[in-house]
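Enquirer: Could you look at this predicted model? Sequence included:
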Amino acid sequence: MPKQGQFARQSRQSKLKATKQKLKRQKQTITDQQMSDFLVVRYALTLRQRTTANSQETLQRFIQEIADHLRQTQGDFEHLLPMIWQKVSGQVPWQFYWQLSLNWPQLAPFLHREINALPLGQPIWVQNLPTLEDFDTQLLNEMVNQIIATTTLNHPLKSEQREQVKQRLTTTLWIDKQIQWEQIRQLLGPFQQTITSNDSGSQVWLDHLARL
């Protein structure tokens, strides 16, 4: 049995060790503003190496968009993804959505693992991460809306007409729970316009996407 002096020294050592561990944990945490860079680095070290060259930049930019909305939505993808679709609408060619669809089976597990592991002072936990079918359903809705907006630009449809066209397009472009991307190419290809960006790096990426 240790003497009182020994116990006091052990107690002080335990407190000192606990304090050091706490400080170490604090030093290892990141701020919300660092989430994007942290996830991009994790992507570069893991998933990017297994992703085709055509998709690498698209996935990185999508991850950055997700990071920008994580705290606001507390990691709830049911709210997060619609915010991204609204933000990028009209800013990216249809091939952007195509690349996301192709890579979602690999990207979803990465997001679940890496977001939950973010060393934040206040953790964020992934919620309602969609399956591939649910994810593609969202992408299809974006594509249908884009097709209608593009092909009826000079002849706006009434609400009832628009809904009928939307239902027909959805049926045509969704077969065996898969998006018919080649049909989307045929529908949007003749109307594809050059999307410009003030950032040269983004412009190179957008031009590359449009050529896929």
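Expert: Sure thing, it's come through.
Enquirer: in this structure, what spans have low per-residue confidence?
Expert: 1-27 (pLDDT under 70).
Enquirer: Give me the domain ranges for it.
Expert: Each structural domain of the chain that the record assigns through automatic domain parsing is listed here as a residue range: 1-29, 31-211.
Enquirer: Switch those over to CSV; also include mean neighbour count.
Expert: Every C-beta, even on glycine, is put in place using the N, C-alpha and C of the backbone. Shown next, in CSV, are the domains of the chain (neighbours: other CB atoms under 10 Å):
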stretch, mean neighbour count
domain 1-29, 10
domain 31-211, 15
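Enquirer: Surely residue 118 touches residue 38?
Expert: Yes. With contact defined as CB atoms under 8 Å, residue 118 reaches residue 38; the gap is 6.5 Å.
Enquirer: Now do the shared contacts for these two.
Expert: Shared contacts of residue 118 and residue 38, defined by CB atoms under 8 Å, 6 or more residues apart in numbering, comprise residue 30.
Enquirer: Quick check: nearest residue in space to residue 56, chain neighbours excluded?
Expert: Counting by CB to CB, 6 or more residues apart in numbering, the nearest residue to residue 56 once its immediate chain neighbours are dropped is residue 48, at 5.5 Å.
Enquirer: show me the contacts for the one you found.
Expert: Residue 48 neighbours (CB under 8 Å, 6+ apart): 56, 59-60.
Enquirer: from the residues you listed, which is closest to residue 98?
Expert: Distance to residue 98, by CB to CB, is smallest for residue 59 among these, at 12.4 Å.
Enquirer: Regarding that closest one, what is its secondary structure?
Expert: Under DSSP: H, G, I helix; E, B strand; the rest coil, the three-state class of residue 59 is helix.
Enquirer: What's the separation between it and residue 93?
Expert: Counting by CB to CB, to the nearest Å, the separation of residue 59 from residue 93 is 16 Å.
Enquirer: what's the answer for residue 127, then?
Expert: When CB to CB is the yardstick, residue 127 and residue 93 sit 30 Å from each other.
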